[in-house]
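>>> Generate coordinates for the sequence data below:
(one chain, ligands or ions: 1)
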Amino acid sequence: MNTDNVIEYRLTDEAWDGYKGFLERLVESKRCRTICEIGGGANPALDQDFVRRHGLDYVIVDISAEELAKAPAGYRTRVLDVSQPLTGEEGTYDLVFSKMLAEHVADAPMFHRNMCRLLRVGGTAFHFFPTLYSPPFVVNILLPERLTYWLLNIIQRGREKSGRNAKFPAYYQWCRGPIAGQFRRLESVGFAVRQYIGFFGHPGYYKRVPPLERIHRAIAAWFQRHPIPLLTSFAYVVLEKR
Ligand SMILES: C[S@@+](CC[C@H](N)C(=O)[O-])C[C@H]1O[C@@H](n2cnc3c(N)ncnc32)[C@H](O)[C@@H]1O
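Numbering: from 1, shown residues only. As a prediction, the model looks like this:
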């Protein structure tokens, strides 16, 4: 498969700043009506106003009732573990999507197979996730959970107190930039890969040391011009159910 016009490289700021717009354009351009967000937890990605204006049937799935309870009132929610085989609702959705969920799922093949099952033929899956082997996520995998939780609260001050930013165990299965293996894996469960954007940089980790942040941004910009897909920090993947 020629992946030249599927793969792009950008900078991480664009991934975060542009996420809402990217998702909303996907909903509008694909004329999606039935939408399932996976791992929406405390922070559903689509505003209720957008949902109402577009007449969407939008449900948020999460493994944790406690996280869902932190979401603003008015969303339709369901407690489900997407690493377990899902039954029912086959072929129901035009769009399934996730943001910062894929790295937390302990069985990636099952997760993506579940997504394929929930979609109608031609339906779209969109996932935004951190990727290996970006240094902060390698550290997150190697160090014990309690230590990384403590470190994260030092690096990103205020996070702990916000109560809407809990830390969840991360496995990073199938969380890579646009390498050939990712295409093979996602195709093996029934998807065609339509867009794969790798994002370089993780400047949020250096906010408290501005000179380091500036150097880091220059390195990330260099990688954007000379990409090494295994060194992206985040990715957007847009898939179509075959
Ligand atoms: C890092 S939070 C992201 C929440 C939200 N998407 C956001 O961007 O703020 C990860 C979410 O995934 C949920 N989650 C983790 N494993 C899951 C699973 N196997 N099935 C469904 N949800 C899961 C967690 O409960 C949590 O709400």
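>>> can you list the residues of this structure near the ligand?
38-41, 43, 62-64, 67, 81-83, 99-101, 104-105, 168 (Cβ under 6 Å from any ligand atom). Every residue, glycine included, has its C-beta placed from N, CA and C.
>>> List the contacts of the longest helix anywhere in the chain.
The longest helix of the chain (DSSP state H) is helix 210-225. Residues outside helix 210-225 that contact it (Cβ atoms under 8 Å, 6 or more residues apart in numbering): 9, 10, 11, 12, 200, 201, 202, 203, 206, 207, 231.
>>> Next SSE downstream of that helix?
strand 234-241 (DSSP states H and E).
>>> Does anything pack onto that following strand? Which helices or strands?
helix 12-17, strand 119-130, helix 180-188, strand 191-200 (3 or more Cβ pairs under 8 Å, 6 or more residues apart in numbering; DSSP states H and E).
>>> Tell me the buried residues in the helix or strand that comes right after the second one?
Past strand 119-130, heading to the C-terminal end, the next element that is a helix or strand (DSSP H and E) is helix 135-142. Neighbour-count burial for helix 135-142, with 16 or more other Cβ atoms under 10 Å as criterion, is recorded at 137, 140.
>>> any idea of the mean pLDDT in helix 135-142?
Average pLDDT, helix 135-142: 90.
>>> How about the residue in the chain positioned nearest to the ligand: what's its closest non-neighbour residue?
Using Cβ to the nearest ligand atom, the closest approach of the chain to the ligand is made by residue 41 at 2.4 Å. Spatial nearest neighbour of residue 41, excluding adjacent residues (Cβ to Cβ, 6 or more residues apart in numbering): residue 67 at 3.6 Å.
>>> rewinding a little: model confidence over the longest helix of the chain, on average?
97.
>>> Export that helix to PDB, keeping only CA atoms.
In PDB, the C-alpha atoms belonging to helix 210-225 read as follows (Å, rounded to 0.1, in the frame of the first residue of the first chain):
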ATOM      1  CA  PRO A 210      11.900  28.100  29.400                       C
ATOM      2  CA  PRO A 211      15.400  27.700  27.900                       C
ATOM      3  CA  LEU A 212      14.900  24.000  27.800                       C
ATOM      4  CA  GLU A 213      11.500  24.400  26.300                       C
ATOM      5  CA  ARG A 214      13.000  26.600  23.500                       C
ATOM      6  CA  ILE A 215      15.700  24.000  22.700                       C
ATOM      7  CA  HIS A 216      13.100  21.200  22.800                       C
ATOM      8  CA  ARG A 217      10.800  23.100  20.300                       C
ATOM      9  CA  ALA A 218      13.800  23.600  17.900                       C
ATOM     10  CA  ILE A 219      14.600  19.900  18.000                       C
ATOM     11  CA  ALA A 220      10.900  19.000  17.400                       C
ATOM     12  CA  ALA A 221      10.800  21.400  14.400                       C
ATOM     13  CA  TRP A 222      13.900  19.700  13.100                       C
ATOM     14  CA  PHE A 223      12.200  16.200  13.400                       C
ATOM     15  CA  GLN A 224       9.200  17.500  11.600                       C
ATOM     16  CA  ARG A 225      11.400  18.300   8.600                       C
END
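>>> Specify the residue positioned farthest from the middle of this protein.
What lies farthest from the middle of the chain is residue 211; by Cα atoms, centre = their mean that is 29.1 Å.
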